[in-house]
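Asker: the amino acid sequence is not available; the structure is as follows:
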C-alpha cells in the first residue's frame, strides 16, 4: 500500500471554520477524512472494489451513517446499552448522502462501493448531518475512486428575514426555514426543506445562496486534490454498438413509441407491451451470441429514454397525452373507515392511498434517543407503507425500508407546520398511509390524504396542505416542466421535484436533479407551476371536506386539561403511585401529569373524565380566605378542633371561633366525625384558620330580617 499523504486544511463557512484532516486515521480505506465544524467531528470513509460485480444492471452503492452516543458523552438508553439498528435520523442522513452522490459516478460503473459516516464528537450545537455530505465527497474525491466531480452540503436558515449559513440547533428552532442543499460547482443536485409557509421567491433566494457557498467548497476540494497529487483509477465504459442501435431503432422504434404511449390505457398494460417488445428484440439475435443479446437489451433501454425525451421536447407531448401543467383526475373520500378516528381514500390518476389518523394521549408519544438532547419525545408520527401489490408485483414484506422512512418523513415535514399547538390540542397524533396503487408520487398522495384524515378526525389544522410532484426534461436550451409526474417521467426525466404547502406558502420541499444548467429562472418557473398545481389539488380536497370537523370521533379519547400547583403533584400520585392508580382503576381514565402541574385526563367516557377531575380537584384543592366549606371534625383538643375541609387538608377551628357565645368545653359543642359548616378566615403557610362563629352570626342575622 502506498504511503498516504497527510493533510489538514480549513475554510471559513458561516461563522465557523470547516476543517478536514486526511491521512491520519482509517488509512486502509480507499479514502478517509475527518471533518470538524465547531466541536462536532465526523469520520467518513469510502471503499470501492477494483472489479465489477457480474450480472448487475445497477450501481451497487451502499451508504451508512451512524451517530454514536459516545460522541455526545452518553451511554445508549436501550436494554443492550449499545448502538443497534439505525434510527430514523441516521437513515434519512444516509439517504441524503446517497441521492446526490449516486448520479455522479460513471455510467455503467458496477464496482461495489461503500461509504460509511460515523459521528465521533457531537457538541450539541452543530448538526453533523450536512457535514456528512461534504465529508463523503472528500472521502471519495480525494482518493483513487472514479468519483470525478466533488459535491458539498449546506444548510440555510431564515430568522427575521435574514439568511443563516449552517444554523445551530437553537437557531433552527426559531427559523422559518430548514433547507439542506447538496450540489456540485456547476449545479444543485439535491434539496431537502421544511418551512413555515415560506413564499416561492424566498425559497429560490435561499437555494441560490446555498449554491454560492457550495461552489466555494467544491473549488476548495479541487485545490486539495491538486495538493495531494491524486491519480484516479482508470475505468472504461463500453460504448453502445452504433450499428446495432441504428438497426434496432429502424426496426422497432415505432412499435416502442406506441407501447410507451399510455393515452387511453393504464400503466400495467403499457409495461406489458414494452416487456413483450423487449423480449422480441433480444430473441431476434442468436441465443449462442450472449454478448449481442446483452447489448440489444442495453440498446432497447437506451431507445426507451431517447423516444421519451424526443416526444417531450420535440413533439411537446407527454406519454399519457396530458398538458405539461395538467394534474391527473383526483378523487377524495373522507370518513371511509367507520371505526378509526379519521380516514380518507385519496386517488390521483393511478396513485392511491388509504390514510388514517389516530388520536392518542401523552403516553402514546414516541421516545427518541437524540444526539443533541438525549431522550426526547415526538407527539406527531407519520408512517408510510408501500406494499409490493401497489405496483402489481410480489415481494417480501418485512421491516420498514429506507425508502418508506424517507417518504414518510417528507409527508410528516409537510403537515407538521399546520398542526395545532400542544396547549390547544393536547393529543398525540399518528397518521398511517397505506399505498394501494402507485404510478407517480405516492408521498404526495400521503400528504393530501393525511391532511384529509386529520380534518375528518377533527384536528383543528391552521390550513390544509397539499403536495405535487414536478418533473423536468432538459437538453441544451430546450426544457419542459411537468406537473404531477408519472413513474416513467420520474425515471427518464432530469429532475424529481416534490413541493408541499398551503394556499399561503411552502411547507416542505424535496428535489433530486440529474443534470447541470438549472438556473434560478427555471427553478422559479417550476415553483410557480407547482403552486398552481397545489391550489388545484387543494380545491379538489375542499370538495370532500372544507374545514376540520367540529366534533372528534366518538371512538377518540376526550382529553381534559387542568392545572394544579406543582407542590400538589405528590398528593395526586400518592405514596408509590397508590393514589393515581386508584383514580385510574375507579374511573378508567388515563392520567398524565407534567412537572409544571399540567394534568391531562383522557377517556372516551365523559362521566368518567368528570369523576377523575373531581377526585383530583379534591386532592389538590386549597382553602381560600372568605370561602365556606362543609368540613368533618377529625380531632378535638382543649383549645379547639381540627376540621378536615378537603381530603387530607385540616384547618384549626379555635375554641373562640366555635360558637357565637362563650363556651367552656369544646366537647359541649362538637363531636369527632360531626360535619360542620366553617369559613376560612386566615392562612399562614400551610396552617388554615377556620371560623364557625361567623357562619352562626350570619344565620341569626338572616333569621332576624323581616319577611316581606
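Answerer: Arrived safely, thanks for sending. Every value quoted in this text rests on a predicted model; they were computed, and no experiment measured them. Residues are numbered from 1 along each chain as shown.

Asker: any stretches of the stretch 201-350 of the chain with poor pLDDT?
Answerer: For the stretch 201-350 of the chain, no stretch has pLDDT under 70.

Asker: lowest confidence element among the helices and strands of this structure?
Answerer: Lowest mean confidence among the helices and strands of the chain (mean pLDDT, DSSP states H and E): helix 606-620, at a mean of 78.

Asker: which secondary structure elements does that helix sit against?
Answerer: strand 558-563, helix 569-573, helix 578-587, strand 598-603 (3 or more CB pairs under 8 Å, 6 or more residues apart in numbering; DSSP states H and E). Placement of C-beta: from N, CA and C, glycine included.

Asker: next structured bit after the helix or strand containing residue 192?
Answerer: Using DSSP states H and E, residue 192 sits in strand 188-198. Using DSSP H and E, the helix or strand that follows strand 188-198 in sequence is helix 200-228.

Asker: buried ones in that next one?
Answerer: Residues 200, 202-204, 206-207, 209-211, 213-214, 217-218, 220-221, 224-225, 228 are the ones in helix 200-228 that count as buried (16 or more other CB atoms under 10 Å).

Asker: related to what we said a few turns ago, how far does the strand holding residue 192 sit from its chain's centre?
Answerer: How far strand 188-198 lies from its chain's middle: 13 Å, per CA atoms, centre = their mean, to the nearest Å.

Asker: within its sheet, name the partner strands of the one helix or strand residue 473 maps to and how each one runs.
Answerer: Element membership for residue 473, per DSSP H and E: strand 466-475. Each strand that pairs with strand 466-475, with its direction, by DSSP bridges: strand 478-483 (antiparallel), strand 495-501 (antiparallel).

Asker: below-threshold pLDDT in the stretch 1-150 of the chain: ranges please.
Answerer: In the stretch 1-150 of the chain (pLDDT under 70), the answer is 1-3.

Asker: does the residue nearest the centre of the chain count as helix, strand or coil?
Answerer: The chain has residue 409 as the residue nearest its centroid, 3.5 Å off, counting by CA atoms, centre = their mean. Following DSSP: H, G, I helix; E, B strand; the rest coil, we place residue 409 in the helix state.

Asker: now residue 282: which helix or strand?
Answerer: Residue-wise, residue 282 maps onto helix 267-283 under DSSP H and E.

Asker: again with residue 322
Answerer: Residue 322 is part of no helix or strand, with elements assigned from DSSP H and E.

Asker: and it, how many neighbours?
Answerer: 19 (other CB atoms under 10 Å).

Asker: and residue 171, how far from residue 34?
Answerer: Going from residue 171 to residue 34 by CB to CB, to the nearest Å gives 25 Å.

Asker: so for those two, which sits in the more crowded spot?
Answerer: Ranked by neighbour count (other CB under 10 Å), residue 171 and residue 34 place residue 34 first, with 22 against 15.

Asker: so what's the more buried one bridging to?
Answerer: residue 21, residue 43.

Asker: list the contacts of it.
Answerer: Residue 34 is in contact with 20, 21, 22, 24, 25, 41, 42, 43, 120, counting by CB atoms under 8 Å, 6 or more residues apart in numbering.

Asker: filter the residues you listed down to the buried ones, ChimeraX style.
Answerer: Only the buried members of the contacts of residue 34 enter the following ChimeraX selection, criterion being 16+ other CB under 10 Å:
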select :20,21,22,41,42,43,120
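
Asker: just the contacts of residue 34 now: which is nearest residue 359?
Answerer: Using CB to CB, residue 42 comes nearest to residue 359 of the contacts of residue 34, at 39.2 Å.

Asker: surely the closest one meets residue 132?
Answerer: Yes - using CB atoms under 8 Å, residue 42 makes contact with residue 132 at a distance of 5.9 Å.

Asker: give the residue spans of the stretch 501-650 of the chain that score low on pLDDT.
Answerer: Filtered on pLDDT under 70, the stretch 501-650 of the chain yields the residue ranges 517.

Asker: now the strands for the stretch 301-450 of the chain?
Answerer: 330-334, 342-348, 351-360, 366-370, 374-378, 380-385, 428-437 (DSSP state E, counting those that start in this stretch).

Asker: mind giving me the packing neighbours of the fourth one?
Answerer: It refers to strand 366-370. Using 3+ CB pairs under 8 Å, 6+ apart: strand 366-370 touches strand 374-378.

Asker: how about the strand it packs on: buried residues?
Answerer: Quick answer for strand 374-378: no buried residues (16+ other CB under 10 Å).

Asker: and that strand, what does it pack against?
Answerer: Against strand 374-378 (3+ CB pairs under 8 Å, 6+ apart) you get strand 366-370.

Asker: compute the inter-axis angle for the strand it packs on and strand 428-437.
Answerer: If you take axes from the mean of the first three to the mean of the last three CA atoms, to 10 degrees, strand 366-370 sits at 90 degrees to strand 428-437.

Asker: coming back round to it: residues in contact with the residue nearest to the centre of the chain?
Answerer: 88, 92, 382.

Asker: now do residue 559
Answerer: Taking CB under 8 Å, 6+ apart, one finds 361, 426, 427, 600, 601, 602 in contact with residue 559.

Asker: identify the bridge partners of it.
Answerer: Judged by DSSP bridges, the bridge partners of residue 559 are residue 602.

Asker: and if you look at the one 4 residues further on?
Answerer: Beta-bridge pairing for residue 563 (DSSP bridges): residue 598.

Asker: ok, it - how many residues close by?
Answerer: Neighbourhood size, residue 563 [other CB under 10 Å]: 11.

Asker: quick one: it from residue 327, how far?
Answerer: Taken as CB to CB, the span from residue 563 to residue 327 is 48 Å.

Asker: these two touch, right, residue 626 and residue 680?
Answerer: Yes - the pair residue 626 / residue 680 is scored as a contact, 6.7 Å apart, by CB under 8 Å.

Asker: neighbour-wise, which of these two wins?
Answerer: residue 680 (19 against 9).

Asker: follow-up on the earlier one: which one of the contacts of residue 409 is nearest residue 592?
Answerer: Proximity of those to residue 592 (CB to CB) peaks at residue 382, which lies at 22.4 Å.

Asker: check the closest one and give its pLDDT.
Answerer: Residue 382 is assigned 97 on the pLDDT scale.

Asker: with residue 708 instead?
Answerer: Model confidence at residue 708, given as pLDDT, is 56.

Asker: so who does the residue nearest to residue 346 when sequence neighbours are not counted touch?
Answerer: In space, and not counting its chain neighbours, residue 346 is closest to residue 449: 3.6 Å by CB to CB, 6 or more residues apart in numbering. Residues in contact with residue 449, defined by CB under 8 Å, 6+ apart, are 344, 345, 346, 353, 354, 355, 433.

Asker: and with 10 Å instead?
Answerer: 332-334, 343-348, 352-357, 411, 431, 433-435, 442, 541 (CB atoms under 10 Å, 6 or more residues apart in numbering).

Asker: give me the buried entries from those residues.
Answerer: Buried, going by 16+ other CB under 10 Å: 332-334, 343-348, 352-357, 411, 431, 433-435, 442, 541, out of the contacts of residue 449.

Asker: I'd like to know how many residues surround the nearest residue to residue 412 once chain neighbours are set aside.
Answerer: Excluding its sequence neighbours, the residue lying closest to residue 412 (CB to CB, 6+ apart) is residue 382, at 3.8 Å. Residue 382 has 24 neighbours, counted by other CB under 10 Å.

Asker: using JSON lines, lay out the strands of the stretch 301-450 of the chain together with distance to residue 665.
Answerer: As requested, those are arranged in JSON lines below (distance: least, CB to CB, whole Å):
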{"stretch": "strand 330-334", "distance to residue 665": "74"}
{"stretch": "strand 342-348", "distance to residue 665": "68"}
{"stretch": "strand 351-360", "distance to residue 665": "59"}
{"stretch": "strand 366-370", "distance to residue 665": "62"}
{"stretch": "strand 374-378", "distance to residue 665": "60"}
{"stretch": "strand 380-385", "distance to residue 665": "66"}
{"stretch": "strand 428-437", "distance to residue 665": "60"}
